[in-house]
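> Whatever this is, show me its structure:
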Amino acid sequence: MNVLGVVITDGVGFRNFVLSDFLKESQNQFDSVVIFSCLPNVAFKDFESKYKVIELDVFKEKFPTWFFRKTKEVAHLQHFANDFFGIKDNLNAVSTKNLNFRSIVTQFILKWTKFFNSEKWIQRYNVLQQISFSNHYITKNYIEQLKKENINQLFFTHQRPSFIAPLIYAAEKLKIKTSAFIFSWDNLASKGRMAGNFNNYLVWSDLMKSELLYFYKFINPRNISVVGTPQFEPYVLERYYMSKNEFLMQFDLDFLKPIICYSCADSATSKNDNLYIETIAKAILNKKILKDVILFVRTSPAEEPTRFKQLSIDFPFIKWNYPKWILSRENHQEAWSQRIPSIEDVKDLRAILNYCDLNINMCSTMSLDFMLFDKPVINPVFGNLENGLYNDQRFLNFAHYKNVVESGAVYVAKNENDLIESINIALQFPLNKHKEQKELLQLQISKPLENTSQRIAESLRNWC
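Here you go, the predicted structure:
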């Protein structure tokens, strides 16, 4: 029997691989599919009749594991920092002035890896990390669970979370083939090291394949499959469609007015969201926006929307969409990962993309989402090192977003005047950047949205 194990690490992975057609397509390719979940079983209450779900014990790092994992990650950043602004930015974020024990150890790691950061050294750190948790009871449990289910291939839907490392090790010990989906477009050229080594890799695009080969030169190109991403597949699945009338009624929107959607990122990466929403709201009040518009704000599903409470009071005409994601587990080391999307929210998001006329976001993946629906996109980045605002202009230099800026597919607004002017142009000429958007989408997502899950499942089957 060919048995596929699917590792769901977080709520976004749940959306991408459970709420898409992936599980159904995998059943067509494998005799059995077993889900290994880093989320509580309650997340799968509507799917347990179709698939076996095993809730994994939460692995918490002890100091030796943390030390070697951190050394591995920082060495990777050190190795590539000079050539990639985003990686250098993440390396700078590692340094801290705190005087607690781990901060002091981190300073040692930074100094050590400045000299010892080759791929050979990184692999040594990986081996030492594995040794550090090899006798942990959770690691032993993982080995027994994989044995019991007779897994032939273990598919990781995210390659980066540190807590999957013991599961990778367990598969290696049992000589089970592993495969990983590169989770997001910024994960290679703008972020850090993968949690471990895998046998095979699934990527969004030819661009991502070339990045993977650049950063991990030991990978054989034959072990990489370009499949697109299931992140966008719900946009072509009929069950997630909502009519325009339903959408307008649900959010109490005027049928005759164009809709500007501001989509927020989380507070850690997009600290200026409040400023941008306020700027747009005041421009509407002061008639600087040439059309009579609706301002519609979708907050980040990764957090509660409490930071916008005052804005909602000050500007009562703003319409809000608070994503229907449920926090499934408290006190997790990565709390955001335990937020689970609802089917209703996937439908809401698709309708927002379909029926809003313009998107504004601070350099997030939502730029691509809206482009898939032929909508103009504006990226406000007011902050820099000189003006005292949170420096979000630096994201323009991250490798993954540099491609966006250089493509000309978005309007970049570095101040209030830029933002208001871009809004007026985009509303008047919505297809002004249509050609550039299509070229960028082809670069970032090399395959059609249709049949994405089928391509992934077939690739996994071919690797058995």
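
> Can you give me the buried ones in stretch 185-199?
The neighbour-count criterion (16 or more other CB atoms under 10 Å) identifies 185-196, 198-199 as the buried residues of stretch 185-199. C-beta here means a position set from N, CA and C on the backbone, and glycine is covered the same way.

> Do me a favour and average the pLDDT over it.
Mean pLDDT, stretch 185-199: 93.

> wait, which of the buried residues of stretch 185-199 is closest to Tyr51?
Phe198 (22.3 Å; CB to CB).

> Please report the distance of that closest one from Gln159.
In this view, Phe198 and Gln159 are 7 Å apart by CB to CB, to the nearest Å.

> which residues are in contact with both of those two?
Ala180 (CB atoms under 8 Å, 6 or more residues apart in numbering).

> re the thing from before, among the buried residues of stretch 185-199, name the ones in strands.
When DSSP state E defines the strands, the subset of the buried residues of stretch 185-199 inside them is empty.

> which of those sit farthest apart?
Greatest spatial distance among the buried residues of stretch 185-199 (CB to CB): Ser190 and Asn199, at 24.9 Å.

> so how far is the first residue of stretch 418-438 from its last?
One end of stretch 418-438 sits 24 Å from the other (CA to CA, to the nearest Å).

> What mean pLDDT does that stretch get?
For stretch 418-438, the mean pLDDT works out to 99.

> chain center to it, what's the gap?
The chain centre lies 26 Å from the centre of stretch 418-438; the measure is CA atoms, centre = their mean, to the nearest Å.

> list the buried ones in it?
Buried-residue list, stretch 418-438, by 16+ other CB under 10 Å: Asp418, Leu419, Ile420, Ser422, Ile423, Ile425, Ala426, Leu427, Lys433, Glu436, Gln437.

> The first one and Gln393: what is the separation?
When you say that, I think you mean Asp418. For Asp418, the distance to Gln393 equals 12 Å [CB to CB].

> Likewise for the fourth one?
Using CB to CB, one obtains 15 Å as the distance from Ser422 to Gln393.

> Report all helices and strands that the one helix or strand Leu213 maps to contacts.
Following DSSP states H and E, one finds Leu213 within helix 206-215. Identification of packing neighbours for helix 206-215 by 3 or more CB pairs under 8 Å, 6 or more residues apart in numbering; DSSP states H and E yields strand 200-203, strand 224-226.

> quick one: average pLDDT of that helix?
98.

> Could you export that helix as CSV, CA atoms only?
Output of helix 206-215 as CSV, limited to C-alpha atoms (Å, rounded to 0.1, in the frame of the first residue of the first chain):
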residue,chain,number,x,y,z
ASP,A,206,10.4,28.5,-12.0
LEU,A,207,11.7,31.5,-10.1
MET,A,208,11.2,29.8,-6.8
LYS,A,209,12.9,26.7,-8.1
SER,A,210,16.0,28.7,-9.1
GLU,A,211,16.0,30.4,-5.7
LEU,A,212,15.8,27.0,-3.9
LEU,A,213,18.8,25.7,-6.0
TYR,A,214,20.8,28.9,-5.2
PHE,A,215,20.3,28.7,-1.4
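
> going forward can the numbers begin at 2, since that is how I track them
Okay, using 2 as the starting number, the last item reads as helix 207-216.

> Compute the distance from the centre of whichever strand or helix holds Leu461 to the centre of its chain.
Using DSSP H and E, Leu461 sits in helix 453-463. Remark: helix 453-463 is offset 21 Å from the chain centroid, using CA atoms, centre = their mean.

> do the same with stretch 444-451
16 Å.

> same check, this time on stretch 385-393
The mean C-alpha position of stretch 385-393 is separated from the chain mean by 25 Å, CA atoms, centre = their mean.

> For it, report the contacting residues that lie outside it.
Ser271, Lys272, Asn273, Leu276, Met363, Cys364, Val382, Phe383, Gly384, Gln394, Arg395, Lys415.

> repeat for stretch 270-277
263, 265-266, 268, 301, 308-309, 312, 361, 363, 365, 381, 383-384, 390-391, 393, 420.

> Go through that stretch and flag the buried ones.
Neighbour-count burial for stretch 270-277 [16+ other CB under 10 Å]: Ser271, Lys272, Asn273, Asp274, Leu276, Tyr277.

> all strands for the stretch 252-401 of the chain, in order.
260-264, 295-299, 320-322, 326-328, 340-342, 359-361, 378-381 (DSSP state E, counting those that start in this stretch).

> Quick one: closest of those strands to Phe23.
Taking the strands of the stretch 252-401 of the chain one by one with CB to CB, strand 340-342 is closest: 14.6 Å.

> list the helices and strands the closest one packs on?
helix 12-18, strand 326-328.

> nearest spatial neighbour of Ile144, skipping sequence neighbours?
Ala171 (4.5 Å; CB to CB, 6 or more residues apart in numbering).

> I'd like to know which elements the strand or helix carrying that neighbour is packed against.
Assigned by DSSP H and E, Ala171 belongs to helix 166-174. When contacts are defined as 3+ CB pairs under 8 Å, 6+ apart, helix 166-174 packs onto helix 120-134, helix 138-150, strand 154-157, strand 178-182.

> Return the most buried member of those.
strand 154-157 (a mean of 27; mean count of other CB atoms under 10 Å).

> Parallel or antiparallel, which strands does that strand pair with?
strand 4-9 (parallel), strand 178-182 (parallel) (DSSP bridges).

> per-residue confidence averaged over the first one?
Spelled out, that is strand 4-9. Mean per-residue pLDDT for strand 4-9: 98.

> Just want the angle from it to helix 166-174.
Angle of strand 4-9 versus helix 166-174, following axes from the mean of the first three to the mean of the last three CA atoms, to 10 degrees, is 160 degrees.

> For burial, what's the neighbour tally of Leu328?
A total of 14 residues lie near Leu328 under the criterion other CB atoms under 10 Å.
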